[in-house]
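In: when you get a sec, could you give me coordinates for this:
(one chain, ligands or ions: 2)
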Amino acid sequence: MKGSTGRDVLVIDDDPWIRVLVERLLSSRGYAVRAVADGAGAMAALHDGFAGVVVLDVNLPDIDGTRLLRQMRLVAPDMPVILLTGQASTDLALDSIRDGAFDFVDKVQLAARLPDAVDHARLQVESAAQSAPFAGIVARSASMRAVFRAVQSALPSRVPVLIRGDSGTGKELIARALHVNGPRRDGPFVAVNCAGIPENLLEAELFGYEKGAFTGATARKLGRFDMARRGTLFLDEIGDMPLALQPKLLRVLQEGEFVRLGGVETLTADVRVVSATHRDLEEAVATGRFREDLYYRLSVYTVNLPPLRDRAGDIPELARHFVRVCAAREGKPVIDLDPRVMELLCSYRFPGNVRELENLLAHAVVAARGALLGIADLPQPFLRAVALERRKPAPLVEPPEAEVEAPRAPPEVRAAPPPAVETGNGKPTVPVRSAPVPTSFPTLREMSRRHVADALRVAAGNKAEAARLLGVSRMTLYRTLKELEEPEP
Ligand SMILES: Nc1ncnc2c1ncn2[C@@H]1O[C@H](COP(=O)(O)OP(=O)(O)OP(=O)(O)O)[C@@H](O)[C@H]1O
Ligand SMILES: [Mg+2]
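Out: Ligands and ions are numbered 1, 2, ... in the order given. Below is the predicted model of the structure:
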């Protein structure tokens, strides 16, 4: 079994008829199908090196299918598993997706649905193998790789996805990636900004209206749920959805149905709903501004985008990407970044996240006169913000960048998500941080603190290396650290 490819399928079912049927359905599509009857056989196949798509019956003689799923994910965390269920049930679907299943197929629809589901799973395996899985999205940090994995897993399913993250972290970009890489890519991507449309118009905008629904409704108007048919509906700023409209949205999500304003006909909502917010939804629920039931429905599958300051490792590549794109747009030749500019960018906290970095570099590219983008090309407000930030006392040893490899099961999937990302309540639009403006000149001691802290950061906390960078012995560094930690004389 070693050396198997994405074209390999392992089917686990105690019913011999199902095993034969799955084999027939899939071998005609070019898959090599291996069949086992129970959990023990499945684990043996994994230990034997199986690496393809798994089709797993939830009712097995020796182990509960969802338990086996969890065990399998410990051995092969990224392996796509499609569950075979006895009866169609949204709850089981949600539970299995939460447990890390890739998709689920009702046995009654086996012939109609399984081959496509396996195809999607295989495509996922293939694209996950590529280093940059989503075109136009630049990221290399571990936290963003975890985001990519969560997005990949969500692609073939219709479960609503909630994307959370501070302003400018790339929520809309991820929503579009979910659409263009998923099975609905040939359908429309329709975005609605729930905060940008007046409350009294939003209902008609979302659900449409019939002729004569109200004065002035001279003809039928299609709503966004109509327009997004067979595609994706992106509900941006969902945290700003008016309370009065929330029950209607909940109904569409639960029943998959809606009625146009002034209409009688119940229409099917054939859309995949992706929503996004930078708001603290838990707080909105606690203060009665957001319905709890809607919150649970939307947040079954949550993707958390970390703020840029927690993934500074992404900054160099993002910077090069934006400079390249902006230079091409401006019709300028290839521009390099002065290493000192890169250093400044990497040390800044970017309260406006990726959007702030992008805008900053767009300005700089326009300002740049040569083939090298220098500090003088950076906008003044940014340089002032960096200077302010640098004047704040730095801790002697900063915590390392939060780029811990995510746990093996998708961390972004949870039933009731305690957000990994703290979301602010307002939108930071001004790049200048609201730190108090220092009035005094930094002392020599303060400068030393900062310099030593910088060295330790560059040396990733390794004191011997930091001492080498500072040109002193390790003993001197220890003594200096001790002195600097003593209270100011
Ligand atoms: N990883 C990335 N790679 C390339 N471009 C990115 C990335 N993340 C964000 N961007 C760019 O940054 C800008 C902001 O992204 P986006 O609009 O998706 O953020 P957002 O989270 O929706 O922001 P807001 O909350 O303000 O609506 C966009 O121009 C987007 O293309
Ligand atoms: Mg947005």
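In: count of residues packed around residue 320?
Out: Other residues within reach of residue 320 by the criterion other C-beta atoms under 10 Å amount to 16. Just so you know, the C-beta spots here come from the backbone N, C-alpha and C atoms, and that holds for glycine as well.
In: the residue in the stretch 351-489 of the chain that ligand 2 sits nearest to: what's it in contact with?
Out: Relative to ligand 2, the nearest point of the stretch 351-489 of the chain is residue 355 (8.7 Å; C-beta to the ion). Listed by C-beta atoms under 8 Å, 6 or more residues apart in numbering, the contact set of residue 355 reads 167, 168.
In: kindly recompute the last result at 7 Å.
Out: residue 168 (C-beta atoms under 7 Å, 6 or more residues apart in numbering).
In: how about residue 154?
Out: Residue 154 neighbours (C-beta under 7 Å, 6+ apart): 161, 178, 301.
In: what's opposite the first one in the beta bridge?
Out: For residue 161, the residues forming beta bridges with it (DSSP bridges) are residue 274, residue 301.
In: ok, now how distant is it from ligand 1?
Out: Using C-beta to the nearest ligand atom, to the nearest Å, residue 161 is found at 14 Å from ligand 1.
In: how about the last one?
Out: Using C-beta to the nearest ligand atom, we find residue 301 at a distance of 18 Å from ligand 1.
In: now do the second one
Out: The spacing between residue 178 and ligand 1, counted by C-beta to the nearest ligand atom, is 12 Å.
In: what of residue 184?
Out: For residue 184 relative to ligand 1 (C-beta to the nearest ligand atom), the value is 19 Å.
In: ok, that residue - contacts?
Out: 230, 231, 232, 272.
In: go ahead and confirm the second one touches residue 189.
Out: Yes - under the criterion of C-beta atoms under 7 Å, residue 231 lies in contact with residue 189, with a separation of 5.9 Å.
In: common neighbours of these two, please.
Out: Residues touching both residue 231 and residue 189 by C-beta under 7 Å, 6+ apart: residue 179.
In: buried set for stretch 50-59?
Out: Neighbour counts over stretch 50-59 (16 or more other C-beta atoms under 10 Å) mark 50, 51, 52, 53, 54, 55, 56, 57, 58 as buried.
In: run the chain-centre distance for that stretch.
Out: 26 Å (C-alpha atoms, centre = their mean, to the nearest Å).
In: please apply the same query to stretch 231-239.
Out: Distance, centroid of stretch 231-239 to centroid of chain: 15 Å (C-alpha atoms, centre = their mean).
In: rounded mean pLDDT for it, please.
Out: The average pLDDT within stretch 231-239 is 97.
In: any idea of the pLDDT on the residue of the stretch 51-200 of the chain found nearest ligand 2?
Out: Nearest residue of the stretch 51-200 of the chain to ligand 2 (C-beta to the ion) works out as residue 172 at 4.0 Å. Here, the pLDDT recorded for residue 172 equals 97.
In: burial of it, as a residue count?
Out: Close neighbours of residue 172, defined as other C-beta under 10 Å, add up to 15.
In: can you check residue 350 too?
Out: Residue 350, neighbours per other C-beta under 10 Å, totals 24.
In: hmm, residue 310 and it touching each other?
Out: No - contact criterion C-beta under 7 Å: residue 350 and residue 310 do not qualify, at 10.2 Å.
In: thinking again about what came up before, can you lay out the contacts of residue 184 as CSV showing secondary structure, neighbour count and distance to residue 320?
Out: Formatted as CSV, the contacts of residue 184 follow (DSSP: H, G, I helix; E, B strand; the rest coil; neighbours: other C-beta atoms under 10 Å; distance: C-beta to C-beta, whole Å):
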residue, secondary structure, neighbour count, distance to residue 320
230, coil, 12, 37
231, strand, 19, 33
232, strand, 24, 30
272, strand, 25, 33
